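**Q** Mind looking at a prediction? Sequence and model below.
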Amino acid sequence: MNSEIKVNKPEPISVPKEIAIFNREADVKSTIKTLEAGNYVLITEFYNNGAVLLKEIQYHLNKTFANKTFKEQRAYRAAYHKLSNLIVIEIEEHQLVVKKSPNIGWFKKLYPDTSDFLLTFPQVQGLNSAWQWYENGITIPVLRNKIHPFYGTYFPTRFEHLELFDNWLKRYSGPKKSAIDVGFGSGVLALQMIKHGFQKVFGTDTNPNAIVGLTEAMGTTKLSRKVELDFGSLFGKWSKPSELIVFNPPWLPEKRNIENLDEAIYYNDALFPDFFKAAKEMLLPEGKLVLIFSNLAQITGLTKSHPIEEELAKGGRFKLERCFNKNVKKASDKTKRDLEHRKNEEVELWILTHI
Ligand SMILES: C[S@@+](CC[C@H](N)C(=O)[O-])C[C@H]1O[C@@H](n2cnc3c(N)ncnc32)[C@H](O)[C@@H]1O
């Protein structure tokens, strides 16, 4: 693992020596009282006891909270968050101590120097599902090999935008010496460009896990000589202009400080103006600037504005060559409202050139 870059991972918890435990014999009511008083509870005996206690918390909160209006739901979620994050579980020699536990390889990979520690149960659940994705891999329709997304790294779960990009790459007839992938995530766009014959791809990401993950995934294969990565914002340390720049940015605007939010999902006011300003310098005269976007923020009423349309309307830097759209198949039937959104959701592939 790259020693200079510090990966994001759940911080081990220190708990008092005297800690309440929860197992099949424990009294649920008094356990919930302990949690409500702000004290930790340790899961013992079986892994499943953690899930049992989470269910009991939900049951308890359902009785206490109305959970109907938006405000009530928010209060319910806050209470659930507070209580569930006091449930802890023990790791010894990079393994969960309790019986019938899943095997989670992240303990060894992310905490090489600490073999015994405690994490909260929800954190372990998150690590467990991330380990499943990593181990089993994800088949991406436009790529030959599965990707194995590293812990805490964005990966696509729908592929319409990748298909749009692939179709465009098929017809692209310009030079293929180099390309830049801004915010490469788990590397899918970079891999697509290599597949279509680009000799070199320079990538950046502000998420340290993305750097560590893709570096590990490429290992010493031929790919590692074709894809170079930098941990940095926008164009990072890359300063040589390229014939193709691609950016699949976050799709949702956010006014709050986004430091603690997911940078793969939310963007602040500065991101797009800064990106276009830098891209103007980094795109070769005949080059193509490709952006992947979606109307998600607009159809969910988050904003009326569209950062790429705004850039084009402002003028002065880039002009539109083409914009391809594709309807997104619905991802889930979770709620009716969700379905309504999905109906009109479209991904967009914007091709811009210098003015
Ligand atoms: C929507 S994801 C796309 C990832 C990948 N390119 C893909 O298409 O699957 C956006 C990525 O951009 C990264 N990112 C966000 N802001 C960035 C910035 N200012 N500079 C570089 N990368 C950034 C995020 O960490 C995330 O990996």
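**A** Noted; the coordinates are in hand. Residues are numbered from 1 along each chain as shown.

**Q** Please pull up the helix or strand immediately following the longest strand along the chain.
**A** Longest strand in the chain by number of residues, with DSSP state E as the criterion: strand 283-294. The C-terminal neighbour of strand 283-294 among helices and strands, as given by DSSP states H and E, is helix 296-299.

**Q** What lies in contact with whichever helix or strand comes after that following helix?
**A** Using DSSP H and E, the next helix or strand after helix 296-299 towards the C-terminus is helix 307-314. Outside helix 307-314, the residues that touch it by Cβ atoms under 8 Å, 6 or more residues apart in numbering are 253, 267, 271-273, 276, 291, 293, 317-320, 348, 350, 352. Where you see a C-beta, it was placed from the backbone N, CA and C, and this is true even at glycine.

**Q** tell me which element the closest residue to Asn8 other than its chain neighbours falls in.
**A** In space, Asn8 comes closest to Gly152 once its chain neighbours are excluded; the distance is 4.9 Å by Cβ to Cβ, 6 or more residues apart in numbering. For Gly152, there is no host helix or strand (DSSP H and E).

**Q** tell me the angle the longest strand of the chain makes with helix 307-314.
**A** Between strand 283-294 and helix 307-314, the angle comes out at 130 degrees (axes from the mean of the first three to the mean of the last three Cα atoms, to 10 degrees).

**Q** could you pull out the strands for the stretch 151-300 of the chain?
**A** Secondary structure of the stretch 151-300 of the chain (DSSP state E, counting those that start in this stretch): strands at 178-182, 200-205, 227-231, 242-247, 252-253, 266-267, 283-294.

**Q** Need the contact partners of the first one.
**A** In this case it means strand 178-182. Under the criterion Cβ under 8 Å, 6+ apart, residues 187, 189-190, 193, 198-204, 234-235, 238, 240, 242-247, 249, 275, 282 lie in contact with strand 178-182.

**Q** Now which of those residues would you call buried?
**A** With neighbours counted by 16 or more other Cβ atoms under 10 Å, these contain buried members at 187, 189-190, 193, 198, 200-204, 234-235, 238, 242-247, 249, 275, 282.

**Q** Go back to those and keep what's next to the ligand.
**A** Residues of these in contact with the ligand (Cβ under 6 Å from any ligand atom): Leu189, Thr204, Leu234, Pro249.

**Q** so Cys323 touches Ile351, yeah?
**A** Yes - using Cβ atoms under 8 Å, Cys323 is in contact with Ile351, at 7.2 Å.

**Q** just to revisit the earlier point, neighbouring strands - and their directions - for the longest strand of the chain?
**A** Sheet pairing for strand 283-294, assigned by DSSP bridges, gives strand 242-247 (parallel), strand 346-354 (antiparallel).

**Q** Output stretch 116-132 as PDB - backbone C-alpha positions only.
**A** Provided in PDB are the C-alpha atoms of stretch 116-132 (Å, rounded to 0.1, in the frame of the first residue of the first chain):
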ATOM      1  CA  ASP A 116      -6.800  -5.700  17.900                       C
ATOM      2  CA  PHE A 117      -9.300  -2.900  18.100                       C
ATOM      3  CA  LEU A 118     -13.000  -2.000  18.300                       C
ATOM      4  CA  LEU A 119     -15.300  -0.500  15.700                       C
ATOM      5  CA  THR A 120     -18.900   0.300  15.800                       C
ATOM      6  CA  PHE A 121     -21.300  -2.300  14.500                       C
ATOM      7  CA  PRO A 122     -22.600   0.000  11.700                       C
ATOM      8  CA  GLN A 123     -19.000   0.600  10.600                       C
ATOM      9  CA  VAL A 124     -18.300  -3.100  10.400                       C
ATOM     10  CA  GLN A 125     -21.500  -3.600   8.400                       C
ATOM     11  CA  GLY A 126     -20.200  -1.000   6.000                       C
ATOM     12  CA  LEU A 127     -16.800  -2.700   5.800                       C
ATOM     13  CA  ASN A 128     -18.500  -6.000   5.200                       C
ATOM     14  CA  SER A 129     -20.600  -4.900   2.300                       C
ATOM     15  CA  ALA A 130     -17.600  -3.100   0.800                       C
ATOM     16  CA  TRP A 131     -15.600  -6.300   1.100                       C
ATOM     17  CA  GLN A 132     -18.300  -8.200  -0.800                       C
END
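
**Q** between the longest strand of the chain and strand 178-182, how big is the angle?
**A** Interaxial angle of strand 283-294 relative to strand 178-182 (the same axes, to 10 degrees): 40 degrees.
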